[in-house]
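K.L.:
What follows is a predicted protein model with its sequence.
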Amino acid sequence: MVIGMVEIKTEESLRAMRDAGRVVAEALAAVRKKAAPGVTGKELDRAAREVLAAAGAGSPFLDYRPDWAPVPFPAVVCVSVNDAIVHGIPGDDRLSDGDLVSVDCGALLGGWAGDSAVSFTVGRARPEDTRLVDTAHAALEAGIGAAVVGNRIGDIAHAIGRVCRSAGYGIPDGFGGHGIGRAMHEDPGVPNEGRRGRGMPLRHGMVLAIEPMLIGGGGDDHYTARDGWTIRTLDGSRAAHAEHTVAITDDGPRILTAL
């Protein structure tokens, strides 16, 4: 069933999306296990590729090229380090002790997509980075908690924004979550800040990728790096990103990208 531009998934479709989501979770776990000082972004990408290949899954990231991108994305994961918020291209630079890393990964399996992201510190964590990462995941949990039948998109946005702003962090304007299903990006958009009771009503069978992004310095400004993909904080402060694919059901939110 399609309501407006949003496909309402059947229970069978949700099970298929859970299969895709599990592959994403396994790929992120492999990347996190691989991440260590001295490891390159390309090596993290290779770890994710091996998981996708073993599962017979494709990547919605690889060769993805939206209208604004100068080149297709060349990897199956985004690896965003320190002041990179999202869309970092895995390269040959080696991770250093104390780096804050955000990894975003997707999978296509059986005609359905999954999308998830996690942030963590490599080696010894600075207390301020631990707080930033913990807040990103708390904001994600708050957004998921608001993803219930009878609420609206604005309720999710408000829950995320309240956690981020209360902790003193910035929220990059123009970036947020999205619907997901047969394609990685579908309607509706899911902002990371908004007003309660506004936006599209949430119905059983909707699936959303909810993804808070936080700027540690407290400002919202950002810029696109020369590679045309990586989004960085304007003030040079560190950033964190957390994401899950979540089904809206009559029994409450169902995380499809959990291990």
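P.N.:
Structure's in. What do you need? Numbering: from 1, shown residues only.
K.L.:
Please make it C-alpha for all contacts and neighbour counts, starting now.
P.N.:
OK.
K.L.:
Helix or strand for Cys78, just tell me which one.
P.N.:
In this structure, Cys78 sits in strand 77-81 according to DSSP states H and E.
K.L.:
Direction included, what does the very next helix or strand once past that strand pair against?
P.N.:
The helix or strand immediately downstream of strand 77-81 is strand 84-86, counting by DSSP H and E. With DSSP bridges as the test, strand 84-86 is paired with strand 231-233 (antiparallel).
K.L.:
what mean pLDDT does the next helix or strand after the partner strand have?
P.N.:
Past strand 231-233, further along toward the C-terminus, the next helix or strand under DSSP H and E is strand 239-241. Average pLDDT, strand 239-241: 98.
K.L.:
buried stuff in whichever helix or strand Ile156 is part of?
P.N.:
Element membership of Ile156 [criterion: DSSP H and E] is helix 153-166. Residues of helix 153-166 classed as buried: 153-164 (neighbour count, 16 or more other Cα atoms under 10 Å).
K.L.:
still on that earlier bit, and the strand holding Cys78, what does it pack onto?
P.N.:
If you count contacts as 3 or more Cα pairs under 8 Å, 6 or more residues apart in numbering; DSSP states H and E, strand 77-81 packs onto helix 41-55, strand 84-86, strand 100-109.
K.L.:
In JSON lines, list the ones you listed along with distance to Pro253 and mean pLDDT.
P.N.:
Below are these laid out as JSON lines (distance: least, Cα to Cα, whole Å; pLDDT from 0 to 100):
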{"stretch": "helix 41-55", "distance to Pro253": "26", "mean pLDDT": "98"}
{"stretch": "strand 84-86", "distance to Pro253": "25", "mean pLDDT": "98"}
{"stretch": "strand 100-109", "distance to Pro253": "20", "mean pLDDT": "98"}
